Structure formats: C-alpha cells, structure tokens
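Chemist: Sharing a sequence plus its predicted fold:
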Amino acid sequence: MNIAQVDYDGLIPNNVALGQDERVKRALEKWHPGYINWWNDMGPEGFQESLVYLRTAISVDPKGWAKFDYVRMPDYRWGILLAPQMEGRKVNFGAHKGEPAWQEIPGEYRAMLRRLVVIQGDTEPASVEQQRYLGKTAPSLYDLRNLFQVNVEEGRHLWAMVYLLQKYFGADGREEAQALLQRRSGDPDTPRMLGAFNEKTPDWLSFFMFTFFTDRDGKMQLEALAQSGFDPLSRTCRFMLTEEAHHMFVGETGVTRIIQRTCEAMKAAGIEDPNDIAAVRKLGVIDLPTIQKKANLHFSLTLDLFGNEISTNAANAFHAGLKGRYREDRLKDDHQLESGTYPVLRLVDGKIQTVDTPALSALNMRLRDDYVGDCNNGVSRWNKVIADIGIAFEIKLPHVAFHRHIGEFSSIHADADGNAMSDAGWERRRGEFLPSDADKDFIESLMQPQFEPAKFAGWIAPPKVGIDNKPGDFEYVKIG
Ligand SMILES: [Fe+2]
Ligand SMILES: [Fe+2]
C-alpha cells in the first residue's frame, strides 16, 4: 500500500490500513454516528444542505494533497491521515534521546500522553461550536467558504485525536473519545477544557483574530507534539500542520483585508486622524483603534493557553520525550536541558522582572515566546499595509502581563504596556484596551450578510486571489 495515498473505499477514509485493523475500525464506526450527530447539532447553523467548494485530502504528500469539489458539509470525507513513517526515526530529546521512536506507548507515560491527546482533541470541536452562527453574517461567499473549510478541518482534527485514543488507549481511550463529543463550548455545566475555547466568537473580526491568534497557538502545540517520541502522535500532528497553515492564512489575510479597507476609505474621505473614531465609523468601516482592542483581547486570551510560567507538567512531558520545543529538531543544544536556564518574566514583590529559571521548568514560556515572535511577524505585515496606504498608526501586541487569567500575572491588573494598575484604575480604563459594549454594537451593526458572487461587505476588501485560483465571481457556496 502506498502510504501517501488515502483509501476512500470504506466508511472512514484513511491511510493507516484500517481495513486490516478490525478492532479499531469497529470502534471508530461506532463513534461515527455520534460525531455526525454532534456535527449536525453544533456545526455551521443554516448551511448543512448548502454545496460548499471544499478541499478534501486525497494524499498526505505535501505536494498536491487536496482535491477541490462541491460538498454538502455533513458528507465531507473526514478521515484518518498520518504523515508517512520516517525510516529509523529516533526520540530526539529528553531522557530517551537516541532511542528508536516508539510505535506503542511506553506504559509509564500512558496517563501523561492521554492527557496531552485529550486536551489537544478538546480544542478542535470547540472552535467549530464557537463559530457556528457566523455563516449567517458572512461578508462574502469567499469568506463563507473559508469559514466552512476551517470548520470541517477542525472536525477532522478531532478525528485525528480520536483515532489515537481508540487505537492506543483501550477502554479509557474510548471513554475519552465519547466525552469529546459531550462537552460544549461555553456550557456552564460541561464546558470545553480551556478558557479561550469557551469564549464567544460573535463577529467576523473576532473570527479572523481567533484564527490568527488562537489557531496559531494550535500550530505551536502541534509543532511541539510533532516532535514527540511517540511516533503515531508525531505523524498525526505533522499532517494536521499542513491543514493548519490555511487557518493561519484565513486569519492573517482576513484582518489584512479589513485594515486595507479601513485605510483606503479613510484616504478617500480625507480623514488623517486614525483616532477620529466617529468620522471613520461613518464610512461604514472598522476604525483601527477598535481593531487594536480586538487584537488585545484575542492575544491575551490565547496567551493563557500556554499555561503557567513555571510548569512541572511541561518539564515532565519533555523529559519523557513526549512533547518537544518548537522545531526541536532544528535547535542546536543537548536537547535534554538538565542544566541551563531560560529567562522568564515573573512577578517579584509586585514587580515584573526577568528571572533566570531552570530551562526544563520554563518550557511553556519558551513555546510562548516563539509564539509571540510568530504573531509579531504577522502584525508587522498588517502594519506594512497601514504604512503603505499612508495612515499614521501601528498595531502593537500588548504586554504579556496584560489581561491575564492564568499564571503569574493573573493576580494583577496591567495596562497594554505592562504597567501595573489598581483595581479601580483598571475598571475605569478597561474600555481603552478591550472592546467596549459600544464597540461591540458598532461591529455587530456592520455584520450584514453578502451572499452575491463577486460582492463583498463594505468593511472588508476583496482578496488578492481566489481559492484554487478561481475567478472573482466564482460561486464558492451554493446556498440553495
Ligand atoms: Fe485544529
Ligand atoms: Fe485550526
């Protein structure tokens, strides 16, 4: 069997020879109806019968793995796709560095590994739930299609984690796989596991910010798990990352197009001052200070996903060879980190200070710093658009101490520059940093659907090129 090719014969497309694995095949076939029920209940509302121009993976070869066609979303061929096994792959870090990568789970690491897989798995359906009402206000058919592409792929990422649970974790894996279909984003009784995945995604600016900031956390976590000494996890994450790249693209270009439209409208109307919010809003576009506030919100919520600054869980997972650093295989050090330190921003006697910390316990911060760097690359591309049009404004990521709910800085209030604030000061000035009710109302007032081919809502510029090189008037979604 050619591992790069996907077998589409059975109910569950796969490249893991599921046909020869009766036990797992049966377990997944049993899980499947529950998944479809979940998708029908919690997937995109109002568009389940629409024909959507979607890509489906037909191979795991990075060149040309996708095929585009019109699909009803409930008929999407979700499947199990692992990147090809690498001959002679080794554990690349931690205490087992140099041993052959594991094809089965070492007994001692079972619980730790299950937790990593369940937490990753829980985020995938959560974002679909958060985004389920957005279709109704899509600014174009192009954007509607991109939303649905992201949604079906998050569904497939759930399949990816469920496959690992069913194949390698026996009865408790099956239980966890069921529980992944039962928790609900934002539900007071059975919420999703992580805070940012219980927040609302009420409008399209939020959606683009979410895919830019929060899907990028997903990318970082997948990069770290792709380094895993447990080979099936590594292979799963490597293929997921090829899909994740599109989610980053949707977020970055979505915000870019909003910024571009705002700046062009300001120029055309002769408005020089980006802080003249009333004048800018009269043009029916989103003012740059409000875009900044949305970035502050989504960035700070996403930082919480990296966990505590000092973490024994992260140290243990690295030591065990289960979760590496960002691009571990390209780093030049001993890959064991038993000695050495890493600088971590901490709260010392009420002051924010850099503290050299044992490198192993600082791994969450290392990943978070790599994340912030990756975000900043995207933000500077946004700023280039603003500068090229000639508006004097720069989007800036807030300080890591700003608006935090997890870790060192959750006990203080800080402004966007990281200056500590009193409770009263924070309450008074909160609206300078985070979207106010008035900001939300204004954005909501713009969220009117535009479902005509070739047309775009007035607050967002058209994309430079179509998906799959389609022309501008292509009907990406036949709503029906
Ligand atoms: Fe995902
Ligand atoms: Fe994603």
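Modeler: In hand now; what should we look at? These numbers were taken from a predicted model, which means no experiment stands behind them. Ligands and ions are numbered 1, 2, ... in the order given.
Chemist: all strands for this structure, in order.
Modeler: 51-57, 66-72, 341-348, 351-358, 413-414, 420-421, 477-478 (DSSP state E).
Chemist: Now do the buried residues in stretch 283-293.
Modeler: 283, 285-293 (16 or more other CB atoms under 10 Å). Where you see a C-beta, it was placed from the backbone N, CA and C, and this is true even at glycine.
Chemist: I meant to write stretch 233-252 there.
Modeler: Buried residues in stretch 233-252 (16+ other CB under 10 Å): 233-244, 246-252.
Chemist: Restricted to helices, list the residues you listed.
Modeler: Among the buried residues of stretch 233-252, the residues falling in helices (DSSP state H) are 233-244, 246-252.
Chemist: thinking again about what came up before, next, format the strands of the chain as TSV and append mean neighbour count.
Modeler: As requested, the strands of the chain are exported to TSV (neighbours: other CB atoms under 10 Å):
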stretch	mean neighbour count
strand 51-57	21
strand 66-72	14
strand 341-348	17
strand 351-358	13
strand 413-414	21
strand 420-421	16
strand 477-478	19
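Chemist: Relative to ligand 2, which of the ones you listed is closest?
Modeler: With CB to the ion, the closest approach to ligand 2 among those belongs to strand 51-57: 14.2 Å.
Chemist: Which residues outside that closest one are in contact with it?
Modeler: 6, 65-73, 76-77, 79, 81, 144-145, 148-149, 152, 156, 239, 243, 467-468, 470, 474-478, 480 (CB atoms under 8 Å, 6 or more residues apart in numbering).
Chemist: now it: mean pLDDT?
Modeler: Averaging pLDDT along strand 51-57 yields 95.
Chemist: and the closest residue to ligand 1 within the stretch 301-450 of the chain, what does it touch?
Modeler: The nearest approach of the stretch 301-450 of the chain to ligand 1 comes at Leu305, 12.9 Å away (CB to the ion). If a contact means CB under 8 Å, 6+ apart, then Leu305 has 194-196, 214, 217, 221 as its contacts.
Chemist: Please repeat the previous calculation with a cut-off of 7 Å.
Modeler: 194, 196, 217 (CB atoms under 7 Å, 6 or more residues apart in numbering).
Chemist: Next up, the contacts around the nearest residue to it once chain neighbours are set aside.
Modeler: Excluding its sequence neighbours, the residue lying closest to Leu305 (CB to CB, 6 or more residues apart in numbering) is Asp217, at 4.7 Å. With contact set as CB under 7 Å, 6+ apart, Asp217 has these partners: 302, 305, 371.
Chemist: 10 Å - rerun?
Modeler: 123, 194, 196, 301-306, 367-368, 371, 374-375 (CB atoms under 10 Å, 6 or more residues apart in numbering).
Chemist: go on, Gly407?
Modeler: 303-304, 306-311, 345-347, 364-365, 368, 400-401.
Chemist: Out of those residues, give me the one that has the most neighbours.
Modeler: Leu303 (27 neighbours; other CB atoms under 10 Å).
Chemist: so it touches His403, yeah?
Modeler: Yes: at 8.8 Å, Leu303 counts as touching His403 under the criterion of CB atoms under 10 Å.
Chemist: which residues do these two both contact?
Modeler: Phe409.
Chemist: Arg23 against Gly173, yeah?
Modeler: No: Arg23 is beyond contact range of Gly173, at 11.6 Å (criterion: CB under 10 Å).
Chemist: Give me the more crowded residue out of these two.
Modeler: Gly173 (21 against 10).
Chemist: what's that one in contact with, if anything?
Modeler: By CB under 10 Å, 6+ apart, the neighbours of Gly173 are 27, 110, 114, 117-118, 162-167.
Chemist: ditto for Arg216
Modeler: 210, 244, 247-248, 251-252, 299, 302, 371, 374-375, 378.
Chemist: 6 Å - rerun?
Modeler: By CB atoms under 6 Å, 6 or more residues apart in numbering, the contact set of Arg216 is empty.
Chemist: So that it lines up with my notes, have the first residue be 5 from now on.
Modeler: Sounds good: first residue 5 from here, last item Arg220.
Chemist: Quick check: bridge partners of Val481?
Modeler: Val56 (DSSP bridges).
Chemist: I figured it hits Ser144, correct?
Modeler: No: between Val481 and Ser144 there is no contact under CB atoms under 6 Å: 9.6 Å.
Chemist: How about the residues of this protein by ligand 2?
Modeler: 219, 222, 251 (CB under 5 Å from the ion).
Chemist: quick one, helices of the stretch 305-454 of the chain?
Modeler: For the stretch 305-454 of the chain, the helices defined by DSSP state H, counting those that start in this stretch occupy 316-323, 367-393, 427-437, 441-450.
Chemist: dump the residue contacts of the closest residue to ligand 1 within the chain.
Modeler: Residue nearest to ligand 1 within the chain (CB to the ion): His161, separated by 3.7 Å. Taking CB under 6 Å, 6+ apart, we find His161 in contact with 128, 244.
Chemist: what does Trp463 give?
Modeler: 265, 289-290, 450.
Chemist: Check His407 too.
Modeler: Counting by CB under 6 Å, 6+ apart, His407 has contacts Ser304.
Chemist: quick one: it from Ser315, how far?
Modeler: Between His407 and Ser315 the distance is 21 Å, computed by CB to CB, to the nearest Å.
Chemist: Next: Asp392.
Modeler: Taken as CB to CB, the span from Asp392 to Ser315 is 41 Å.
Chemist: Equivalent analysis for Arg119, please.
Modeler: For Arg119 relative to Ser315 (CB to CB), the value is 13 Å.
Chemist: Repeat that for Leu138.
Modeler: 34 Å.
Chemist: Repeat that for Gly102.
Modeler: Taken as CB to CB, the span from Gly102 to Ser315 is 25 Å.
Chemist: since we're on the closest residue to Pro78 other than its chain neighbours, how many residues are nearby?
Modeler: Ranked by CB to CB, 6+ apart and with sequence neighbours excluded, the top spatial neighbour of Pro78 is Gln52, at 5.6 Å. By the measure other CB under 10 Å, the count of residues near Gln52 is 15.
Chemist: give me phi/psi at Gln52?
Modeler: phi -70, psi -20 (degrees, to the nearest 10).
Chemist: Ligand 1 contacts on this structure?
Modeler: Counting by CB under 5 Å from the ion, the chain sits next to ligand 1 at 128, 158, 161, 222.
Chemist: Where neighbours are concerned, which of those has the most?
Modeler: That'd be His161 among the residues of the chain next to ligand 1, by other CB under 10 Å, with 27 neighbours.
Chemist: can you pull the contacts of the residue sitting nearest the centre point of the chain?
Modeler: The centroid of the chain falls nearest to Asp219 when counting by CA atoms, centre = their mean (1.3 Å). By CB under 6 Å, 6+ apart, the residues touching Asp219 are His251.
Chemist: Who is the closest residue to Trp69 other than its chain neighbours paired with across the strands?
Modeler: Excluding its sequence neighbours, the residue lying closest to Trp69 (CB to CB, 6+ apart) is Ser63, at 4.7 Å. Under DSSP bridges, the beta-bridge partners of Ser63 are Gln9.
Chemist: And the furthest pair within the contacts of Asp221?
Modeler: Leu198 and Asp378 (19.3 Å; CB to CB).
Chemist: what about the residue lying closest to Val166 once chain neighbours are set aside, distance to Leu229?
Modeler: Among residues not flanking Val166 along the chain, Ala181 sits closest, at 4.6 Å (CB to CB, 6+ apart). Per CB to CB, Ala181 is found 18 Å from Leu229.
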